[in-house]
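Colleague: quick one, fold the following:
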Amino acid sequence: MAGEAQAHGEGGLAFHPLDQFKVTPLFGDGPIEWYTPTNVTLWMALAAIVIILVFAVGSKGRALIPSRVQSLGEMAYGFVYKMVEDVAGHDGAKFFPLIMTLFLFILSANMLGLLPGSFTPTSHIAVTAILGFGFFIFVTVLGFVKNGAHFLGLFWMSDAPLILRPIIAVIEVISYFVRPVSHSIRLAGNIMAGHAVMKVFAAFAPMILISAIGVVVTPVSILAITAIYALEVLVAFIQAYVFTILACVYLKDALHPGH
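Modeller: Numbering: from 1, shown residues only. Below is the predicted model:
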């Protein structure tokens, strides 16, 4: 992600690290409505296209000796399937397509957001909240449909001393409804923070052109950008993994609510 720096006032630098997160319409400069195609729409669509290219186009041959693209798809499939089965159990495997879709979309959006001049949809709480709250509502409804009133056993610690059970139940209810909030904010916050830090360091990279101190600042800035970029590649995968494994935990609670 390229940063920009420019002379401002008396040789100062003016840069806006949060400008990269602005939602802008793809066509024209009018107001943004719910139906307006924006840069968020574009990069979410590109994330979906990447997934289709890897899994539908790249693996359509189903060769015994897989190509690199097919190998990549098979590795992702095996990785997520094992995660779902290990965390949510055998009953959770039937929901593998949903979990796989979440993982691939978040990972693709995160990785595409590291391209120069790109936009990262998962840096916006509006996007991650839809994912987090959407999955939360799904597992809650699933829990009641599958278990009925027994789903409430998720909040009742039958092994705890009787006098403590109501207190623990209140704590469990609060922690349960906080889940989608933390689920959403964790992803958006980590992605946004990393990109903002990269932008700040990138803004100092051209200083060698406008100031003598740039002889020191510019190389340090470039090294910092390189290190942070490498870290952000790792964070892009880790945040997709964390979001997905938490989704598996919530799915397990819906399928098996008993403590």
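
Colleague: excluding its backbone neighbours, what's nearest L107?
Modeller: Nearest residue to L107 in three dimensions, chain neighbours excluded: A240, at 3.9 Å (Cβ to Cβ, 6 or more residues apart in numbering). Where you see a C-beta, it was placed from the backbone N, CA and C, and this is true even at glycine.

Colleague: cool, and F201?
Modeller: In space, and not counting its chain neighbours, F201 is closest to A224: 4.5 Å by Cβ to Cβ, 6+ apart.

Colleague: what's the burial count for that neighbour?
Modeller: When neighbours are counted by other Cβ atoms under 10 Å, A224 registers 17.

Colleague: so how far is I99 from it?
Modeller: 36 Å (Cβ to Cβ, to the nearest Å).

Colleague: same thing with L154?
Modeller: Shown here: L154 relative to I99, a distance of 20 Å by Cβ to Cβ.

Colleague: okay, the two: which has more neighbours?
Modeller: Each of L154 and I99 has its neighbours counted (other Cβ under 10 Å); I99 has more, 23 against 19.

Colleague: confidence-wise, which helix or strand of the chain is lowest on average?
Modeller: Within the chain, no helix or strand scores below strand 7-8, which has a mean of 42 by mean pLDDT, DSSP states H and E.

Colleague: how confident was the prediction at L46?
Modeller: The score at L46 is 95. That number is its pLDDT.

Colleague: pretty sure it sits against L115.
Modeller: No. Using Cβ atoms under 8 Å, L46 is not in contact with L115, being 9.6 Å away.

Colleague: between those two, point out the one with more neighbours.
Modeller: Each of L46 and L115 had its neighbours counted (other Cβ under 10 Å), and the higher figure belongs to L46 (17 against 12).

Colleague: using the three-state scheme, assign that one.
Modeller: Recorded secondary structure, L46: helix (DSSP: H, G, I helix; E, B strand; the rest coil).

Colleague: tell me the contacts of the nearest residue to it once chain neighbours are set aside?
Modeller: Of all residues beyond its chain neighbours, the one nearest L46 is L112 (5.9 Å), with distances taken as Cβ to Cβ, 6+ apart. By Cβ atoms under 8 Å, 6 or more residues apart in numbering, L112 lies in contact with 43, 46-47, 50, 118, 120.

Colleague: perfect, I'm done here.
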